[in-house]
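Visitor: Coordinates only, no sequence provided:
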């Protein structure tokens, strides 16, 4: 159960970091909104790729 909680917390942290960016465009914002509403503690491979691309584009990760 702790693993699920940690996974959800990590996802929420990643999303909140991006949402703090004042230059966030509408399309990435919509993706983040969808990911934030997921009722499961993991991302599919495609969802993870989308989130990673957004993070790289906005300088959250290298």
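Guide: That came through fine. Computed from a predicted structure; not experimentally measured. Numbers count the residues shown, from 1 in each chain.
Visitor: ok, how many other residues are close to residue 32?
Guide: Burial of residue 32, expressed as a neighbour count using other Cβ atoms under 10 Å, amounts to 19. C-betas here are computed from N, CA, C, even on glycine.
Visitor: and if you look at residue 10?
Guide: Residue neighbour count, defined by other Cβ under 10 Å, stands at 11 for residue 10.
Visitor: Does it lie in a helix or a strand, and which?
Guide: helix 2-19 (DSSP states H and E).
Visitor: For the helix or strand following that helix, give me every contacting residue.
Guide: Reading on from helix 2-19 to the C-terminus, the next helix or strand found by DSSP H and E is helix 26-36. The set of residues that contact helix 26-36 without belonging to it, under Cβ atoms under 8 Å, 6 or more residues apart in numbering, is 11-12, 15, 18-19, 24, 43, 47, 50-51, 54, 57-58.
Visitor: ok now do the residue most central in space within the chain, which residues does it touch?
Guide: For the chain, the residue whose C-alpha lies nearest the mean C-alpha position (Cα atoms, centre = their mean) is residue 15; its distance is 3.8 Å. When contacts are counted by Cβ under 8 Å, 6+ apart, residue 15 touches 32, 35, 36, 51.
Visitor: Which residue in these has the weakest pLDDT?
Guide: Between the contacts of residue 15, the one the model trusts least by pLDDT is residue 36, at 92.
Visitor: Number of residues surrounding that one?
Guide: Applying other Cβ under 10 Å, we find 13 residues neighbouring residue 36.
Visitor: gap between it and residue 22?
Guide: 18 Å (Cβ to Cβ, to the nearest Å).
Visitor: what does residue 14 give?
Guide: Taken as Cβ to Cβ, the span from residue 14 to residue 22 is 18 Å.
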